[in-house]
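[1] Pasting a predicted model and its sequence here:
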Amino acid sequence: MQRVTVDEIKRDPLKFLNQVEAGESFVIVQADKAIAELKPITNTNKQLRPFGLCAGEFTVPDDFDAPLPEEILNAFEGE
């Protein structure tokens, strides 16, 4: 990975962006200290999960939205 200074990038930013687009990566340094990395973005296209992947593996109970028992409510409230 090449090291370039902030001043070099300021002089010709398009040169470095073209190189990044071609697949190169750079470490940007200022006062001999690495401050950033300039690299191509990897493909982030994720495939969608198929609909109904786990169909039939779980059923929602009839009392799903019923009020919680008093002892559980008290536990949530720290009583």
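    The structure has been received and is ready for your questions.
[2] Other residues contacting stretch 15-26?
    The contact list for stretch 15-26 (Cβ atoms under 8 Å, 6 or more residues apart in numbering) reads 1-4, 8-9, 37-40. C-beta coordinates here come from the backbone N, C-alpha and C atoms, glycine included.
[3] which two from those residues end up farthest apart in space?
    By the measure Cβ to Cβ, these have their two most distant members at Glu8 and Pro40, which lie 18.7 Å apart.
[4] of these two, who's got more company?
    Under the neighbour definition other Cβ atoms under 10 Å, Glu8 and Pro40 were set side by side, and Glu8 has more, 15 against 12.
[5] element containing the more buried one?
    With elements delineated by DSSP states H and E, Glu8 resides in helix 6-11, which encompasses its position.
[6] Can you give me the buried ones in that helix?
    If you call a residue buried by 16 or more other Cβ atoms under 10 Å, then helix 6-11 has these buried ones: Ile9.
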